[in-house]
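[1] What shape does this take:
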Amino acid sequence: MTASDVLVESLIDWGVDVIFGLPGDGINGFVEALRTHKDRIRYIHVRHEETAAMAATGYAKFTGKLGVCFSTAAPGAVHMLNGLYDAKIDGAPVLAITGMTYHDLIGTHYLQDMNQDYLYQDVAFYNQRLMGPAHAKNIVDYACRAALSHRAVAHIALPIDYQTADMSDQKRSKRNLKGHTSEAFTVPKRVPEREQLEKAARALQGKKKIAILVGSGARGAGAEVTQLADRLAAPVVKAMLGKDVIPDDSPYTTGGTGVVGTRPSSDVLENCDALVIVGSSFPYIEFLPKPGQALGVQIDDRPERIGLRYPVEYGLVGDAKATLREWLLYLPRNDDRTFLRQAQQGMEEWWDLMKERGARTDKPMKPQVVSWNLGELLTDDAIITGDSGTVTTWIARMKLRAQQQFSFSGTLCSMAAGLPYAIGAQVGHPGRQVVSFTGDGSLSMMMGDLATLAQYKLPVKIVVLRNNTLGLIKWEQMIYLGNPEFGVDLYPIDFVKVAEACGLSGVHIDNPRKCRDQLKEALAMDGPVVIQCDTDPNEPPMPPKATKSEIKNLAEALIRGERDRGRISLTIGRQAMDEVLFPASDYGVPARIGKKLTGKDKKDEE
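    Numbering: from 1, shown residues only. Coordinates of the predicted model:
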């Protein structure tokens, strides 16, 4: 038995049954151990090490289990870093294993001589170099326990010669007793003391306009969040990483927030007198209540994050589900449902607007047509992976149902995460529908791993919006800086042909009138499918409430020579005319004025 055998068998003992990676001469001793244990642990051979790390991250996010990836020495280890930083920042438990040059040639300018343990010092919570065969069991147990306990990255670097070292030749120190470590592990779930829970509960007495903000830390606590919302008559605003905490058709949620959010969420946060934050470090502080506006209570299992984004008065350090369950025992009921009813009316108007945008028949096809119809066609337990770009806006406004799951590179905001996440999700949930919603900029970065879908017959459906531009960057240049777009053009790629060359099926959609039917047919096809949707590059991903500064900057960009200023102006003008009667639209000023003058809304009329 070799040191690599010990590592692999220990991983199996920890419940690991799949590993993502790419072989190489710097890791081949470990790969041999995977071969000899292939009946107990599945190896997914990807085409790029970044995909391995991203797939392990997606696997961890969607299963709650430890994601594991590996690479060869030096360049392979460097390639994994982006995916591992995604895991670190979004709190996904991932173990990375990297090859390393011969133990007695480290630091001698030898081939692929790189101190990878130094390189991984920032990204990994636990980071060690194997120091000999007798060290293997000790560090793999610690690495797995650390990654799971802290929802963090752990890293083990394996010198080439130690990978194949025979365990019978091990030199064990007198204090390293054989069998002294184990795989015993319990998920840590802290709950605040009763006194703290009671104080935070009393503080909400008398508050009539309470808002709840949830993030990824509240995933799995949907029932408790719903009970909290009902008890406090509080609308639930969802950060993107908390999109699947409760479904979008829940009567308690106003959907997303920030630049990709909803108008009702903006209204709720602008007018609340108390804010309860559950498992969120939502970074866009300007969308939160102004400091001093609302009393703050925050639940987080990371004590250092209490008060990070909003100056809360009460911090409850603990697991979201367990803490909410206890806190509900002390919380008073808010019988004034006015604030909640206003939010619910706002969401009715918001979904009317989304339906209108999703039914547009303009050409080029609007991206909202794709996202709206896709949302209605997904299976009830579908897993959706997102990406960074304007696609984030469109998927943020997709209506997610109760058993569906969603995630993306939420805090690192890395492009090209959608496909690797989908690989990890489909491997972890082979019986569920997995759909990646991505853009042409992101997919073109990771196209090689379309072949991975074909190789392992993973029936992932890739919906790619092709507008031949880095859309988000284009609009950021205009809306935030007042500059005409520059350096964002993408050479057109025929993704259908690329898919077919990689062994997948391909579907091309460019007609909004046929979009729904073609999507339905594509989703029903066997095996992996790339669904290329040609969409309008001049459709702005407008925030729910555009600021004066954003409008001014956009106007300046158009005046200063934006090449598509005519088409952009026409698009915005048409949208303004189409949406003047929709109160949820930024262009619906007459409709909002009418509501105020009459003092009526749909609820009153019914």
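[2] Centroid-wise, who is the farthest residue in this structure?
    K174 (46.7 Å; CA atoms, centre = their mean).
[3] Return the distance of stretch 396-415 from the chain's centre.
    5 Å (CA atoms, centre = their mean, to the nearest Å).
[4] Give me the buried positions along it.
    Using 16 or more other CB atoms under 10 Å as the test for burial, stretch 396-415 gives 396-401, 404-415. Where C-beta positions appear, they are placed from N, C-alpha and C, glycine not excepted.
[5] Endpoints of it, how far apart?
    Taking CA to CA, to the nearest Å, the first and last residues of stretch 396-415 lie 16 Å apart.
[6] which residues touch the helix or strand harbouring A229?
    Assigned by DSSP states H and E, A229 belongs to helix 222-232. Counting by CB atoms under 8 Å, 6 or more residues apart in numbering, helix 222-232 makes contact with 204, 207, 210, 212, 214, 218, 234-236, 245-246, 250, 252-253, 276, 278, 320-321, 324-325, 327-328, 331-334, 340, all of which sit outside it.
[7] Of the buried residues of stretch 396-415, which belong to helices?
    Among these, DSSP state H puts A396 in helices.
[8] State the three-state secondary structure for S569.
    Following DSSP: H, G, I helix; E, B strand; the rest coil, the label given to S569 is helix.
[9] how near is the spatially closest residue to it that is not a sequence neighbour to G346?
    Nearest residue to S569, sequence neighbours excluded (CB to CB, 6 or more residues apart in numbering): L558, at 6.6 Å. Plainly put, L558 is 31 Å away from G346 if you go by CB to CB, to the nearest Å.
[10] which of the two has more neighbours?
    Set side by side, L558 and G346 show more neighbours around G346, with 23 against 18, by other CB atoms under 10 Å.
[11] Where does pLDDT dip in the stretch 501-606 of the chain?
    The model of the stretch 501-606 of the chain has pLDDT under 70 over residues 599-606.
[12] Quick one: the strands in it, in order.
    Remark: strands assigned in the stretch 501-606 of the chain by DSSP state E, counting those that start in this stretch are 505-509, 529-534.
[13] helices or strands next to the last one in the packing?
    Strand 529-534 makes packing contacts with strand 461-466, helix 495-501, strand 505-509, helix 515-523 when contacts are defined by 3 or more CB pairs under 8 Å, 6 or more residues apart in numbering; DSSP states H and E.
[14] go again using 6 Å as the cut-off
    The contact analysis (3 or more CB pairs under 6 Å, 6 or more residues apart in numbering; DSSP states H and E) places strand 529-534 against strand 461-466, helix 495-501, strand 505-509.
[15] Save these as TSV, and put in distance to S266 too.
    As requested, the helices and strands packed on strand 529-534 are exported to TSV (distance: least, CB to CB, whole Å):
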stretch	distance to S266
strand 461-466	25
helix 495-501	35
strand 505-509	32
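[16] among the ones you listed, which is the most enclosed?
    strand 461-466 (a mean of 27; mean count of other CB atoms under 10 Å).
[17] what angle sits between that strand and strand 529-534?
    20 degrees (axes from the mean of the first three to the mean of the last three CA atoms, to 10 degrees).
[18] Whichever helix or strand comes after strand 461-466 versus strand 461-466: what angle between them?
    Sequence-wise, the next helix or strand downstream of strand 461-466 (DSSP H and E) is helix 471-479. Helix 471-479 runs at 30 degrees relative to strand 461-466, counting by the same axes, to 10 degrees.
[19] Show me how far helix 471-479 is from its chain's centre.
    Distance of helix 471-479 from the chain centroid (CA atoms, centre = their mean) equals 21 Å.
[20] What is that helix packed up against?
    With contacts defined as 3+ CB pairs under 6 Å, 6+ apart, helix 471-479 has these neighbours: helix 548-559.
[21] In terms of secondary structure, what does the helix it packs on contact?
    helix 471-479.
[22] 7 Å - rerun?
    helix 471-479, helix 565-578 (3 or more CB pairs under 7 Å, 6 or more residues apart in numbering; DSSP states H and E).
[23] Tell me which of those helices sits nearest to T262.
    helix 565-578 (16.9 Å; CB to CB).
[24] how about stretch 184-197: buried residues?
    V191, P192, Q196, L197.
[25] Run the chain-centre distance for the host helix or strand of the last one.
    For L197, the element it lies in under DSSP H and E is helix 194-203. A distance of 32 Å separates the C-alpha centroid of helix 194-203 from that of its chain, computed with CA atoms, centre = their mean.
[26] again with stretch 549-566
    Using CA atoms, centre = their mean, the offset of stretch 549-566 from its chain centre is 31 Å.
[27] pLDDT (mean, whole number) over stretch 414-429?
    Averaging pLDDT along stretch 414-429 gives 98.
[28] correct me, but A56 touches F20?
    Yes. Using CB atoms under 7 Å, A56 is in contact with F20, at 5.1 Å.
[29] and those two? which has more neighbours close in?
    The residue with more neighbours, out of A56 and F20, is A56; 36 against 32, by other CB under 10 Å.
[30] if we can go back for a sec, other residues contacting the helix holding L197?
    L295, V297, E313, Y314, L316, E326, W327, Y330, L331, P332 (CB atoms under 7 Å, 6 or more residues apart in numbering).
[31] could you check the angle helix 222-232 makes with that helix?
    For helix 194-203 against helix 222-232, the angle by the same axes, to 10 degrees is 50 degrees.
[32] So which residue is smack in the middle of this structure?
    Closest-to-mean residue, the chain, CA atoms, centre = their mean: F408 / 2.3 Å.
[33] what about that residue, distance to I246?
    Taking CB to CB, one finds F408 at 18 Å from I246.
[34] Which strand or helix spans A422?
    Using DSSP H and E, A422 maps to helix 418-428.
[35] Which neighbouring elements make contact with that helix?
    Going by 3+ CB pairs under 7 Å, 6+ apart, helix 418-428 lies up against helix 49-63, strand 383-385, strand 434-439.
[36] Need the residues that contact it.
    With CB under 7 Å, 6+ apart as the test, helix 418-428 has contacts from 18, 44, 51, 54-59, 62-63, 67, 83, 383, 385-387, 407-408, 434, 436-438, 442-443, 446, 449, 452-453, 458, 460, 462.
[37] If we ignore the residues flanking it in sequence, what's nearest L204?
    Nearest non-adjacent residue to L204, counting by CB to CB, 6+ apart: A274, 5.8 Å away.
[38] Name the nearest residue to I19, sequence neighbours excluded.
    Using CB to CB, 6+ apart and skipping the chain neighbours, the partner closest in space to I19 is V68 (4.6 Å).
[39] What about that neighbour, how many residues nearby?
    Quick note: V68 (other CB under 10 Å) scores 27 neighbours.
[40] who touches it in this structure?
    With CB under 7 Å, 6+ apart, V68 has these contacts: L11, V16, I19, A56, L95.
[41] any idea how far T411 is from the residue lying closest to P484 once chain neighbours are set aside?
    Nearest residue to P484, sequence neighbours excluded (CB to CB, 6+ apart): E562, at 4.1 Å. Taken as CB to CB, the spacing of E562 relative to T411 amounts to 31 Å.
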